[in-house]
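Visitor: The following block contains a protein sequence and its predicted model.
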Amino acid sequence: MTIKPLIILPDPLLRQVSTPFEHVDSELQKLADDMLETMYEAPGIGLAAIQIGVPRRLLVIDVSKEGEDKCPLVFINPEIIKSSDERSVYEEGCLSIPDYYAEVERPASVTVKSLDRDGKEQLTEADGLLATCLQHEIDHLNGILFIDHISRLKREMVIKRFTKAARAKAL
């Protein structure tokens, strides 16, 4: 397994819509393993393939708490097929927008259809943190960032800050 470098805002790749996988093979499984290792190392609880520069519909999640056994989840070609009318608010962060957090309101529960790492169709009914994480990561696959769910003024301030930092790093 290999730890991959993370794509950081304002990289335009983060706005690209990811394409589905045609089939599951050992290369895809290795990518999922690399993504899990990258996510754990960061550390984070979710990672979309686009965040390591791969514009494909793959995400990994592990919302287990510190001290619990790891519970890695792999979602290939995930799609939200149902979401609740009930809403919940979580403070979200993102490995591609380091050290920035904001409260985001999303549906409290979702049902996600995807393939597992063996290519079998799976339905995942999620609420709480897992529901929020799934929505956050699926947004990534659609070129949407969590800052798109906050006020325009806050979003513009965040983008400006990261653009300035990227320019300074490039010098």
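Guide: Sure, I can see it.

Visitor: report the longest helix in the protein, please.
Guide: helix 152-170 (DSSP state H).

Visitor: Okay, strands next: where are they in this structure?
Guide: 46-48, 58-61, 73-83, 87-94, 97-107, 109-115, 121-127 (DSSP state E).

Visitor: Quick one: list the elements packing against the shortest one.
Guide: Yep, that's strand 46-48 we're talking about. helix 26-41, strand 58-61, helix 128-141 (3 or more C-beta pairs under 8 Å, 6 or more residues apart in numbering; DSSP states H and E). Bear in mind the C-beta positions are built from the backbone N, C-alpha and C, glycine included.

Visitor: and if we set it to 6 Å?
Guide: With contacts taken as 3 or more C-beta pairs under 6 Å, 6 or more residues apart in numbering; DSSP states H and E, strand 46-48 sits against strand 58-61, helix 128-141.

Visitor: most packed of the ones you listed?
Guide: Highest mean neighbour count of the helices and strands packed on strand 46-48: strand 58-61, a mean of 28 (counted as mean count of other C-beta atoms under 10 Å).

Visitor: Check which strands are paired with that strand and give the direction for each one.
Guide: With DSSP bridges as the test, strand 58-61 is paired with strand 46-48 (antiparallel), strand 73-83 (antiparallel).

Visitor: any idea how far A108 is from the nearest residue to D99 once chain neighbours are set aside?
Guide: Using C-beta to C-beta, 6 or more residues apart in numbering and skipping the chain neighbours, the partner closest in space to D99 is G93 (7.9 Å). The gap separating G93 from A108 is 19 Å, by C-beta to C-beta, to the nearest Å.

Visitor: Ok, L153 next?
Guide: L153 is 27 Å from A108, by C-beta to C-beta.

Visitor: Have a look at those two and say which one is more surrounded.
Guide: A108 (18 against 8; other C-beta atoms under 10 Å).
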